[in-house]
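Undergrad: sequence unavailable; structure follows:
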């Protein structure tokens, strides 16, 4: 199975997981403990499947892990420096924009992992 196919499945499983969690909460709210327990068991089982799929996807990404780790480390260092500058009130507005850019870089890297 290709990584893109796994991502599609992961999205669909996540929707189901969220719905299962909602139904469990709804049963609890309506004082239906047996039904809530059934949903809880299924939610736990579904989480195991989702975790397995995530492990597979993470395994697919390992080839890029070193490069991504360096990019993340560099971005985190830049964020830390900008935070220190902001804390010292040095060019606060300019540094806030920089930090947002660095965080956007991290988000972009993270988003690339799930595509």
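TA: Good, I have the coordinates. Everything quoted here is computed from the prediction, not taken from an experiment.
Undergrad: quick one, helices of the protein?
TA: 3-29, 33-61, 65-87, 92-113 (DSSP state H).
Undergrad: how close does the closest residue in space to residue 103 that isn't next to it in sequence sit to residue 25?
TA: The shortest distance from residue 103 to any non-neighbouring residue, by C-beta to C-beta, 6 or more residues apart in numbering, is to residue 79 (6.5 Å). Quick note: C-beta positions are derived from backbone N, CA and C, even for glycine. Using C-beta to C-beta, to the nearest Å, residue 79 is found at 36 Å from residue 25.
Undergrad: more neighbours, these two?
TA: Between residue 79 and residue 25, counted using other C-beta atoms under 10 Å, the more crowded position is residue 79 (18 against 12).
Undergrad: and that one, how close does it get to residue 51?
TA: 29 Å.
Undergrad: residues near residue 5, how many?
TA: 9.
Undergrad: ok, the one 4 residues further on next?
TA: A total of 16 residues lie near residue 9 under the criterion other C-beta under 10 Å.
Undergrad: spit out the contact partners of it.
TA: Going by C-beta atoms under 8 Å, 6 or more residues apart in numbering, residue 9 touches residue 53.
Undergrad: measure it to residue 102 for me?
TA: Counting by C-beta to C-beta - residue 9 and residue 102 are separated by 32 Å.
Undergrad: do residue 59 as well
TA: 28 Å.
Undergrad: compare the two (neighbour count), which wins?
TA: For residue 59 versus residue 102, neighbours defined as other C-beta under 10 Å are more numerous around residue 102 (20 against 10).
Undergrad: quick one, grab the pLDDT at that one.
TA: In this model, residue 102 is scored at 73, pLDDT.
Undergrad: need the contact list for it.
TA: 75-76, 78-79, 82.
Undergrad: run the last query once more with 7 Å
TA: Listed by C-beta atoms under 7 Å, 6 or more residues apart in numbering, the contact partners of residue 102 are 75, 78-79, 82.
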